[in-house]
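**Student:** My questions concern the predicted model and sequence given below.
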Amino acid sequence: MQELQTRYAAEPRVVLAANPRNLGFGKGMNAALAALGRYGYTGPVLLINNDAQVQQGMRLALEAQLTHTSTPMLIAPRLMQDGQEQGWLYYQPWLALVTKRPVWGSFAYLSGCCLLVQRPDNTQPLFDESFFMYGEDVELSWRMRRQGGQLVLLDRSYLHHDGLASSGHASAAYEQYLVQSHWLLAGKLGANAFSATLMRVSRIPSLLARACLRSWRYRSWVPLRAILKII
């Protein structure tokens, strides 16, 4: 932070929102948006991960999709990850499954690694701060639609994304945050306390199966320990 403050001290366009500790993705983004809102900026905001590399033309392609109305919008580019193009993702809430094609009961969402956000007030929280990392983009897409907002995906990729740069394969942090996000999502997506409980119960087999597979693949007990701590 000190290096950034020194480097951009004479640049009025750069605003640094310092925090005394790691707030997590959603809360950190909300803090940055609040700092921007305090400057009176009400236009669209581009949120992008530090492990993403932008290709030329992305900004213009994103801006071309703006409606310039008060309707909240999330606009995202297709991205290249692990050598494959990724567009819409789909979340099956009863089984906690993320797929690249729709399955029964799933809904589409946009990856949070790069989002152009249009909304009337930037000072208000955008992400649900219950999530430390992972899952907040699923909840945001679901909530945005329920509140009458729009989700738009560009027709080509403009971004290369290193999906696990922040946490690593089968690391304790990755496994813990991912399992916690699926558990939290049941409480957010359930219509009431009963359906949320039922949703948590129904996703236990798939989460256990996933943990067993990852423990075998990476020859590590970390994925299984992460799920057992939650359930």
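**Tutor:** It's in.
**Student:** now stretch 156-163, how far from the chain's geometric center?
**Tutor:** Centroid separation between stretch 156-163 and its chain, computed with C-alpha atoms, centre = their mean, to the nearest Å, is 14 Å.
**Student:** hmm, I was thinking of stretch 107-125
**Tutor:** With C-alpha atoms, centre = their mean, you get 9 Å for stretch 107-125.
**Student:** Now for the residue of the chain most remote from its centre, which secondary structure element holds it?
**Tutor:** Most distant residue from the mean C-alpha position of the chain: residue 10, 32.3 Å away (C-alpha atoms, centre = their mean). Assigned by DSSP states H and E, residue 10 belongs to neither a helix nor a strand.
**Student:** Wait, a helix at residue 158?
**Tutor:** No: Residue 158 is assigned strand when assessed by DSSP: H, G, I helix; E, B strand; the rest coil, not a helix.
**Student:** what about it, how many neighbours?
**Tutor:** Residue 158 has 22 neighbouring residues, counting by other C-beta atoms under 10 Å. Where you see a C-beta, it was placed from the backbone N, CA and C, and this is true even at glycine.
**Student:** That one contacts residue 75, correct?
**Tutor:** No: checked against C-beta atoms under 8 Å, the pair residue 158 and residue 75 is beyond contact range at 11.4 Å.
**Student:** Low-confidence ranges, the protein, go.
**Tutor:** 163-169 (pLDDT under 70).
**Student:** what ranges do the helices span in it?
**Tutor:** Remark: helices assigned in the chain by DSSP state H are 2-7, 25-37, 58-63, 136-146, 172-189, 193-218, 222-230.
**Student:** mind checking which of those helices is nearest residue 44?
**Tutor:** Among the helices of the chain, the nearest to residue 44 by C-beta to C-beta is helix 58-63 (7.6 Å).
**Student:** and the closest one, what other elements does it pack with?
**Tutor:** When contacts are defined as 3 or more C-beta pairs under 8 Å, 6 or more residues apart in numbering; DSSP states H and E, helix 58-63 sits against strand 73-81, strand 150-161.
**Student:** Please identify the buried residues of that helix?
**Tutor:** Using 16 or more other C-beta atoms under 10 Å as the test for burial, helix 58-63 gives 58, 61, 62.
**Student:** contacting residues around it?
**Tutor:** 44, 46, 75, 77, 116, 154, 156, 158, 159 (C-beta atoms under 8 Å, 6 or more residues apart in numbering).
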